[in-house]
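Asks: Provided below for reference: sequence and predicted model.
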Amino acid sequence: MAADSEPESEVFEITDFTTASEWERFISKVEEVLNDWKLIGNSLGKPLEKGIFTSGTWEEKSDEISFADFKFSVTHHYLVQDSADKEGKDEVLEDVIPQSMQDLLCMNNDFPPRAHCLVRWYGLREFVVIAPAANHDAVLSESKCNLLLSSVSIALGNTGCQVPLFVQIHHKWRRMYVGECQGHGVRTDFEMVHLRKVPNQYTHLSGLLDIFKSKIGCPLTPLPPVSIAIRFTYVLQDWQQYFWPQQPPDIDALVGGEVGGLEFGKLPFGACEDPISELHLATTWPHLTEGIIVDNDVYSDLDPIQAPHWSVRVRKADNPQCLLGDFVTEFFKICRRKESTDEILGRSTFEEEGREIADITHALSKLTEPAPVPIHKLSVSNMVHTAKKKIRKHRGVEESPLNNDVLNTILLFLFPDAASEKPLDGSSSTDSNNPLSESEEYNLYNQFKSAPSDSLTYKLALCLCMINFYHGGLKGVAHLWQEFVLEMRFRWENNFLIPGLTSGPPDLRCCLLHQKLQMLNCCIERKKARDEGRKTNTSEVYPGDTGKAGDQLGPDNLKDMDKEKGEVGKSWDSWSDSEEEFFECLSDTEELKGNGQESGKKGGPKEVASLKPEGRLHQHGKLTLLHNGEPLYIPVTQEPAPMTEDLLEEQSEVLAKLGTSAEGAHLRARMQSACLLSDMESFKAANPGCFLEDFVRWYSPRDYIEEEVVDEKGNMVLKGELSARMKIPSNMWVEAWETAKPIPARRQRRLFDDTREAEKVLHYLAVQKPADLARHLLPCVIHAAVLKVKEEENLENISSVKKIIKQIITHSSKVLHFPNPEDKKLEEIIHQITNVEAIIARARSLKAKFGTEKCEQEEEKEDLERFVSCLLEQPEVLVVGAGRGHAGKIIHKLFVNAQRLTESSDEAAAVAPPEEELKRMGSPEERRHNSVSDFPPPAGRELILRTTVPRPAPYSRALPQRMYSVLTKEDFRLAGAFSSDTTFF
C-alpha cells in the first residue's frame, strides 16, 4: 500500500506508433536529396547526337545518407546539356514518356568507348545511383535488396522524379545494379544477370532472342520486329612479325675506339619493350533485324570482314620500361644515399698526400729551396690517374669500380685538351661561347638553373648518369668524382685552365657547382697570368689583371670584398707564390721608408712630386692634374674579386650581423670599400702629387661639379668642386684617401686571393658526397632530358606532346629555381618526362606496325599518319572504309599473320610477309572455306536488342524494351530494361 501511494510508481510506458521508423526516415532522406537536386518532374532534351557520350562532358553530384547506422552514398550522373536544351524543363508533359525511356531506343550511341557502365548498358544520359559508402560494405541478402528497391519505388512515386534510380547490390567489383524509372502511368524496371560461366545456348544471337522474347512476354501474335546491334571485339596480341624498333644501347660501343667518348654526351631514349601491348578491333553491325541474319550454334553470318563499321583502340603497356626515365630515376636515387665518397671507396686517397715524402729533410728543402713548377705533358696517361696510384695501395686494380678504358674515354670527353700534345692556351679552352645564347636552349638553362649544354658541368652530369646506370652504380660515380676532383687540383697546381667553362666571373644563373668550377678557373687564370708576368719581368703591367678603364668603373658597381683581405698570411699559400708574398711585404716597407709617409695626405708636400710614377695604363684624354698640370694617367688596378652565390650569401649574413649602430655601419662601410682603397693607392702611384679631386674626376665624374665663373680679370673660366656628398665630414671617400699610400697594383695585397679561394673550392669539391653531387647536377640532368624529349618530339610532331613539354618546362622552372626542392616535386617532373617518352615510343611503335614510312602514295601516307595520331589521342578510332579501307587492310594483314603464326604448323608461314600470306590464301570468300580463320574467336561479343511492345496487356501502351548482353571468356552479363504500362495494373 505504501508503494502504491508513491507517485513514481504510477508512470506508464507509452509507445507512440506515429513516430517514423528507420525505413521511413531513409525514404524521406532520399526524397530530400532528389528535391535538393531539383530532379522532380519531366525534363525533355533534344535527341542525343552521335558520339555525344564520349565527346560530351559528364558531371556528378554526391551526397551521403544513412539507413540506421549503414551509410549510403547517393550520386547523380548526368551529361551536361546546353541551356537551350533545358528551356522546356519546367513544362510537365503528362502524356510523354520519360526521357530515359526514350533514350533506351536511341541508336546513335551504342557501344561508347568511354563511359559509365550504366551508360553503356542502357544508353542513359542521366541517372542516380545509391551505393554503400564504404568500399568493403555490400548489400548481399535478397531481403535487403528488396527493401532498398521498395524505398526507391516509394521515393520516386512521392516526388514525381522521372530520372532512373539505381541501387548497387552485391560486391562492388561485380557492378550489379537494379533500379527503376517511373513516369505518368509507366514504369521501367532495370534488371541484371551476372554469371561466370556462360550457358551454351546463350552464346549466340538465337538464344539471346529467346530470352528477350520470353522476358517481355508480348501478348501480340505477330511480334513486332526486334532491332539488333552487334559488336564483336577481336584482340591482337602477337606482334612477332614486327620487331620492336627500339634498339638497346650498345654498351660496348660506348667505350669502343670506333665510336669514341662522344657517346657519353648522348642520352638514351625509347621504351625497352613494346609500349603497345594489344590492338582491339571492334567490328559492328549497327542496324540489323531479326530475319536478316542467322547466328546460332551451327552457323553464323557474322563475318568480321563484312562488318559495315570497324573501330580500333590500342591497349598501352602498363608503365613500360623507358630508358631515359630509368636513367634520370636511377640518378635521382643517389640523392637519398647517405654515404660519403670515402665510405664508398675505402680510406681517403687524399690522406696519402702528406705520407708520400717520409723524410723530413725533403719537407724542409721544399720550403727553403723552391723548385720551378714541373709542367707535365698534358695527356691522359700523365694527367688522369693520380688517384689510381693511391687507390691501388688499398685495393687491387681489378677492384676499381671503373676500368681504365671507361675512365680514359670519359676523361677525354670531359677534357678534350688532354688529347693534344701541347697544352691549349687559356683563351681557346675557355672560349666555349654558346651559339644558342639567344635561343630557347639558353632560356632553359637559365630557367632550370643548370648549366649551358656545352659546358663541363653539363657533360659531367651526363657522364655520371651513364656511369651510375651502366658502369658500377654508386661506386662508379664516387670513383669518377674522385678522379675529377684530383684532375681539378692537378690543373690548379700546373696552371692548366679548365675547358668547357666560359671566361669571366661565376654566372649566378647557373647551378652552384658550375659557379665553383668557374671560380676555380678564375683562380687558375690569375695565377697563370701572375706566374707568366714574373717570368717575363714585366713591372708596369700587373700580371693578375687585364686592366680596366677608369671611366667604366663607378661607385655603383663596386662589389663587396672579402673581410679578411687585411690579414697577411692567415691562409697557407701554395709554395709556387709564397716567395712573392714575402717579397712584396718587404718592398712595400722599404719604399714607404724611402718616400715618406706624408705622401698620402691631402695636399702633400713638394717631395711627393719627386716620386717616380708607377703602374700607369694610359693617359686619360686631355685631363690634367688640377695642381701641377701634369697629364692625368689611368692606373692599372686590381679587378674586384669574383663571388659565387654561397659566398655572397655568407657575406650578406656577416654584414647584416654588424647591426644598425654607428660603429657597425662604419665597419660595414670599411669592409665594402676595400676595392675603393686599392684603386686610390694605384691612382696615387700613377699620378704623384694628385689630390682627391683628381681621383674623383676619373673615378666618379658625376661627383665633380664644374661651373663657369668670372675671375678677377673678368674672363669666364671653369671652376670645379666636389659634390655635396663628397664634402660630408669624415665620409668614407675622404678617410680612404687619407689612409691610401702610393702603391701600384702589382705591389698591393691582392683583393682576390686566388690561392686561398682555389683551396676553398677544391676542399668544397673534395667533401661533396655522391648525394650532394647528384642534387647539384640534377637540374642539368633534367635539362638534358627535356632537350632530348624535345629533339625526339620534333621527329614525330605530336601536338599533345608539345603541350606536355611546355607544362614540364614551366613546372621545372618553378621547382628548380629555388634551392633544395622537395623530393616529391622532383619525382613529379621525372614522371612527366617518362610519360612523354612513353607517348613518343607508342607513336613510333604504331608507325612501325602500320608502315607509314613504306607508303608510296602521299595521300595514303597522310591518312595513315592521321589515323595513328588519332589512335594515340582518342579512346577509339573509326576505320574509314572498314575492312576495305587502307588502314583496314593493314589491320586485316596483322590478324592474318598472327593467325598463321598461331595455328599453322608450316614454319615458312612464320616468316612470310602478310602480303604473300593473303595472296597465298586467295580471296576472303575462298579463305572462309579453309580450316584456318583470318581472325581469332572474338574476345568479346556485345548485343543490344530493342523493340516497342505493349505490356502487360494487348491494349496497354506500346513502350520501349531493351536488353544488353556482353559475353567474354570469363564473364556473362545481361542488362535488361523492361517497361510496362501501370495505368490499369
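Replies: All right, it came through fine.

Asks: contacts and neighbour counts: CA atoms only from here.
Replies: Fine.

Asks: Run me through the strand neighbours of the strand ranked longest in the chain, direction for each.
Replies: Across the chain, the strand with the greatest residue count (assigned by DSSP state E) is strand 276-289. Take DSSP bridges as the rule and strand 276-289 pairs in its sheet with strand 227-236 (antiparallel), strand 309-316 (antiparallel).

Asks: Could you dump those into a markdown table and include mean neighbour count?
Replies: Converted to a markdown table, those look like this (neighbours: other C-alpha atoms under 10 Å):
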| stretch | mean neighbour count |
| --- | --- |
| strand 227-236 | 21 |
| strand 309-316 | 20 |
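
Asks: Pretty sure Ala229 sits against Leu943.
Replies: Yes: between Ala229 and Leu943 there is a contact under C-alpha atoms under 8 Å: 5.7 Å.

Asks: which residues of the stretch 401-550 of the chain fall in helices?
Replies: Taking DSSP state H, counting those that start in this stretch as the criterion, the stretch 401-550 of the chain carries its helices at 404-414, 426-430, 440-448, 456-470, 473-493, 512-536.

Asks: no, scratch that, I was asking about the stretch 701-850 of the chain
Replies: Ranges of helices within the stretch 701-850 of the chain are 732-739, 754-766, 770-796, 799-816, 823-850, based on DSSP H, counting those that start in this stretch.

Asks: Which of those sits closest to Arg866?
Replies: If you check each of these against Arg866 by C-alpha to C-alpha, helix 823-850 wins as the nearest, at 10.6 Å.

Asks: Name the residues of that closest one that come out as buried.
Replies: For helix 823-850, burial by neighbour count (16 or more other C-alpha atoms under 10 Å) applies to 826, 829-850.

Asks: could you say what helices and strands that helix packs with?
Replies: Contact analysis of helix 823-850 by 3 or more C-alpha pairs under 8 Å, 6 or more residues apart in numbering; DSSP states H and E lists strand 276-289, helix 323-334, helix 770-796, helix 799-816, helix 858-873, helix 886-903 as its packing neighbours.

Asks: Make a markdown table out of the ones you listed and add mean pLDDT and distance to Phe972.
Replies: Formatted as a markdown table, the entries for these read as follows, by pLDDT from 0 to 100; distance: least, C-alpha to C-alpha, whole Å:
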| stretch | mean pLDDT | distance to Phe972 |
| --- | --- | --- |
| strand 276-289 | 91 | 18 |
| helix 323-334 | 89 | 41 |
| helix 770-796 | 90 | 42 |
| helix 799-816 | 87 | 38 |
| helix 858-873 | 85 | 29 |
| helix 886-903 | 84 | 26 |
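
Asks: Could you dump these into CSV and include mean neighbour count?
Replies: Written out in CSV, the entries for these read as follows (neighbours: other C-alpha under 10 Å):
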stretch, mean neighbour count
strand 276-289, 20
helix 323-334, 21
helix 770-796, 21
helix 799-816, 16
helix 858-873, 16
helix 886-903, 20
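
Asks: got the domain boundaries for this structure?
Replies: 25-81+96-225+944-981, 643-751 (the TED database).

Asks: Ranked by average pLDDT, which of those domains falls at the bottom?
Replies: Lowest mean pLDDT within the domains of the chain: domain 643-751, a mean of 77.

Asks: Work out the gap between that one and the centre of the chain.
Replies: For domain 643-751, the distance from its own C-alpha centre to the chain's C-alpha centre is 50 Å (C-alpha atoms, centre = their mean, to the nearest Å).

Asks: Distance to Asp981 and mean pLDDT for the strands paired with strand 276-289 - can I get that in CSV?
Replies: What follows is the strands paired with strand 276-289, written out as CSV (distance: least, C-alpha to C-alpha, whole Å; pLDDT from 0 to 100):
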stretch, distance to Asp981, mean pLDDT
strand 227-236, 21, 93
strand 309-316, 36, 91
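
Asks: now for those, which one comes closest to Tyr955?
Replies: Evaluated over these, closeness to Tyr955 peaks at strand 227-236, with 22.4 Å, by C-alpha to C-alpha.

Asks: Quick check: which of the helices of the stretch 401-550 of the chain is buried the most?
Replies: Neighbour counts (mean count of other C-alpha atoms under 10 Å) averaged over each of the helices of the stretch 401-550 of the chain peak at helix 456-470, with a mean of 23.

Asks: Relative to Phe683, how far out is His618?
Replies: In this structure, His618 and Phe683 are 12 Å apart, going by C-alpha to C-alpha, to the nearest Å.

Asks: Overlap in contacts, these two.
Replies: Counting by C-alpha atoms under 8 Å, 6 or more residues apart in numbering, the contacts common to His618 and Phe683 are 633-635.
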